[in-house]
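**Q** Mind looking at a prediction? Sequence and model below.
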Amino acid sequence: MTTTAVQERFRFFAKLSEMEVQDFLRFCEERDVPQGGLLWAEGDRENYAAFILSGRLGIKKKTEFGDKHVVVGTYDPGSVVGEFCLLTCNPRAVSALSLEPSRVLVLHNHKFEELVTQHPRLGLNLLRHLFMATSARLTKSYERIASIF
């Protein structure tokens, strides 16, 4: 993936220099996920975030009814998912399923820690972006819950 393509897909990266994007990409791996493929399953302990380059991912949560799941969100290119696992060692709370053939950038938590150590300014800016994305999702979730009542 070129730095220009990453900068075009992600608002956060558009604000960075080409060198900063190149630095970030050195810590990531690209992964193709076929339609219907799981990026991770609820309960998994492998900790990484995924930046969606192409395709679409659905986030689903198990229900109390056996093997039944509910889709709690869908994400398009330019979105990041799984960001909580960069900072915790908790098992995955949800599953991530590819709704169509997808390509993602994967940033493992140990690589994130290396990035922060080697490029502290870039790491801080990335953290700010991740917190803003998470905050926006939580706000939207609160609004959905409130609309039920």
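**A** Here it is on my side, so go on. Numbers count the residues shown, from 1 in each chain.
**Q** what residue ranges in this structure are flagged as low confidence?
**A** 1 (pLDDT under 70).
**Q** the strands in it, which residues?
**A** Ranges of strands within the chain are 29-33, 38-40, 48-62, 69-75, 80-81, 95-108, based on DSSP state E.
**Q** Now that we have the ones you listed, can you turn them into CSV and tack on distance to residue 134 and mean neighbour count?
**A** Where you see a C-beta, it was placed from the backbone N, CA and C, and this is true even at glycine. Below are the strands of the chain laid out as CSV (distance: least, C-beta to C-beta, whole Å; neighbours: other C-beta atoms under 10 Å):
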stretch, distance to residue 134, mean neighbour count
strand 29-33, 22, 15
strand 38-40, 17, 18
strand 48-62, 11, 20
strand 69-75, 12, 15
strand 80-81, 9, 22
strand 95-108, 15, 20
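**Q** Beta-bridge partners for the one residue sitting closest to the centre of the chain, please?
**A** Using C-alpha atoms, centre = their mean, the residue of the chain that lies closest to the mean C-alpha position is residue 81, 2.2 Å off. Counting by DSSP bridges, residue 81 forms beta bridges with residue 50.
**Q** which helix in the chain runs the most residues?
**A** Looking across the chain with DSSP state H, the single longest helix is helix 120-148.
**Q** Go through it and flag the buried ones.
**A** 122-123, 125-126, 129-130, 133, 137 (16 or more other C-beta atoms under 10 Å).
**Q** Give me the angle between that helix and strand 95-108.
**A** Helix 120-148 and strand 95-108 are oriented at 160 degrees to each other (axes from the mean of the first three to the mean of the last three C-alpha atoms, to 10 degrees).
**Q** Show me what helix 120-148 packs onto, helices and strands only.
**A** For helix 120-148, the packing partners by 3 or more C-beta pairs under 8 Å, 6 or more residues apart in numbering; DSSP states H and E come out as helix 11-14, helix 18-25, strand 80-81, helix 109-118.
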